[in-house]
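Asks: Sharing a sequence plus its predicted fold:
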Amino acid sequence: MIKSTKKIAVVIINYNGKDLLKKFLPSVVKYSDDKISDIYIIDNNSSDESVDFIKKNYSSVKIIQNDKNYGYAKGYNVGLDKIQSQYLVLINNDVEVTENWLYPMLMGLEQNKEIGSCQPKILSYENKNYFEYAGACGGYLDLLNYPFCRGRIFDHTEKDSGQHNTPKEIFWSSGACMMIRNEVFKKAGGFDETFFAHMEEIDLCWRIKGLNFSNFCFPDSEVYHLGGGTLQYDNPKKTYLNFRNNLIMILKNESRIKLFYKLPIRFILDLFASIFLLVSKKSINHFISVFKAYFFILLRIPYYFIKKRNVVKRNSLEDKIIIPIKYYLEGKRRYMDL
């Protein structure tokens with residue numbers, strides 16, 4: 001256990017990300033107020049001299065070295081178990097932060113004890129006037145549990161014109177950058193290590209809501225995310241993990257009654273999605289990835305079906321819409337048009 005008197009632990013998970021750390025760690029060090037925060041790197045046994053680079057250039061940054069590459073979920077679980085700070089800020093190694101970025105989120109959690117996690121406004125590092133795919137201005141799940149965001153629906157990201165500048169309750173906070181109460185993280189059981197990477201934060205936030213905490217976005221805090229640091233967006237493995245992990249999440253958290261009608265509908269829609277990927281990507285690998293995900297799930301349905309679940313009542317507008325219909329049939333591309 002690492003002792004610290006600081007209220008916030010800013011924690012970056014890293015695996016062979018030396019070049020990204022060179023580019024993005026300076027802003028984290030510069031703009032994270034050292035009066036209230038410590039910075040930690042959880043390194044998943046990198047082989048690219050990431051640890052040596054940090055030790056040589058950033059003596060104030062604390063390093064937690066894992067003995068192997070555990071991925072995002074288990075890597076964080078193993079590392080965070082050693083940190084005692086009241087609040088954890090989990091941030092990717094490809095995120096540039098801005099001045100005073102911690103304070104809007106900290107104030108939100110301090111003033112409302114019912115908020116379990118929150119996120120900043122996440123903009124694109126490469127096109128800073130636009131929202132970034134991984135979280136934008138807060139995440140939701142539609143009726144069939146397809147994820148989308150304020151500012152991003154499927155692959156379409158909105159230009160940031162201040163249209164989402166109001167703090168708002170959301171369903172899930174982005175794993176690219178989120179602040180979470182350490183006590184809540186541990187009470188919820190941390191990240192599900194089955195996920196390895198992708199969508200584990202949505203599953204965690206679903207369980208947080210099951211503990212009667214809420215999740216929020218505080219847009220006065222802004223960060224810029226490069227994206228694709230773990231897997232590029234057009235990587236077939238990313239397609240596989242996104243489909244597989246989304247299905248695991250549904251089986252774990254959705255009520256058993258709703259599973260009977262949601263899963264068949266999802267299979268039909270995902271079949272069309274796989275055909276779309278086959279045509280649009282001009283590669284059979286993405287098509288195969290979708291079916292590999294379903295094959296993985298079919299073998300494990302009995303296990304997840306009998307497993308205890310935290311069913312969360314969902315009554316917001318976002319919970320009642322079906323995003324593929326809104327997007328593909330009605331041509332809705334913006335959150336405000338839904």
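Replies: Nice, thanks for sending it over.

Asks: so what's the nearest residue to K320 once chain neighbours are set aside up against?
Replies: Nearest non-adjacent residue to K320, counting by C-beta to C-beta, 6 or more residues apart in numbering: L143, 5.9 Å away. In this view, the C-beta of every residue, glycine as well, is placed from N, C-alpha and C. Contact analysis of L143 by C-beta atoms under 8 Å, 6 or more residues apart in numbering lists 319-322.

Asks: okay, who's weakest in these by pLDDT?
Replies: Across the contacts of L143, the member with the lowest pLDDT is D319, scoring 81.

Asks: Pull up the gap between that one and F218, please.
Replies: For D319, the distance to F218 equals 22 Å [C-beta to C-beta, to the nearest Å].

Asks: higher neighbour count, the two?
Replies: F218 (24 against 15; other C-beta atoms under 10 Å).

Asks: from what I can see the more buried one touches I115, true?
Replies: No: using C-beta atoms under 8 Å, F218 is not in contact with I115; the gap is 9.5 Å.

Asks: Overlap of the contact sets of those two?
Replies: G108.

Asks: hmm, back to that, buried subset of the contacts of L143 as a PyMOL selection?
Replies: Remark: buried members of those, expressed as a PyMOL selection using 16 or more other C-beta atoms under 10 Å:
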select buried, resi 321
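
Asks: Redo the contacts of L143 as JSON lines? Include distance to I180 and secondary structure.
Replies: Listed next are the contacts of L143 as JSON lines, based on distance: C-beta to C-beta, whole Å; DSSP: H, G, I helix; E, B strand; the rest coil:
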{"residue": "D319", "distance to I180": "22", "secondary structure": "helix"}
{"residue": "K320", "distance to I180": "27", "secondary structure": "helix"}
{"residue": "I321", "distance to I180": "27", "secondary structure": "coil"}
{"residue": "I322", "distance to I180": "29", "secondary structure": "coil"}
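
Asks: Turn the contacts of L143 into TSV, including distance to G151.
Replies: Shown next, in TSV, are the contacts of L143 (distance: C-beta to C-beta, whole Å):
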residue	distance to G151
D319	18
K320	20
I321	16
I322	19
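
Asks: So which residues of the stretch 151-300 of the chain form helices?
Replies: 182-187, 200-210, 236-253, 256-281, 284-298 (DSSP state H, counting those that start in this stretch).

Asks: Pull out the buried residues from the last one.
Replies: Taking 16+ other C-beta under 10 Å as the neighbour-count basis, helix 284-298 is seen to contain the buried residues 285-290, 292-294, 297.

Asks: which among those gets closest to L329?
Replies: V290 (20.3 Å; C-beta to C-beta).

Asks: which ones are touching the closest residue to that closest one other than its chain neighbours?
Replies: The shortest distance from V290 to any residue other than its chain neighbours is 3.8 Å, reached at S274 (C-beta to C-beta, 6+ apart). By C-beta under 8 Å, 6+ apart, the residues touching S274 are 286-287, 290-291.

Asks: Show me which pair in those is furthest apart.
Replies: Maximum pairwise distance among the contacts of S274 (C-beta to C-beta): 10.4 Å, between H286 and F291.

Asks: Show me the domain layout of this structure.
Replies: Domain assignment for the chain by automatic domain parsing gives 8-225, 236-337.

Asks: Which of those has the highest mean neighbour count?
Replies: The highest mean neighbour count among these belongs to domain 8-225 (a mean of 20), with neighbours defined as mean count of other C-beta atoms under 10 Å.

Asks: so how far is it from its chain's centroid?
Replies: Domain 8-225 sits 7 Å away from the centroid of its parent chain (C-alpha atoms, centre = their mean, to the nearest Å).

Asks: Report the rounded mean pLDDT for that domain.
Replies: Averaged over domain 8-225, pLDDT sits at 96.

Asks: That one: end-to-end distance?
Replies: Taking C-alpha to C-alpha, to the nearest Å as the measure, domain 8-225 stretches 21 Å from start to finish.

Asks: And for stretch 191-207?
Replies: OK, stretch 191-207 end separation, C-alpha to C-alpha: 10 Å.

Asks: circling back to that earlier point, out of the buried residues of helix 284-298, who's nearest N127?
Replies: Within the buried residues of helix 284-298, the smallest distance to N127 is 24.3 Å, found for H286 (C-beta to C-beta).
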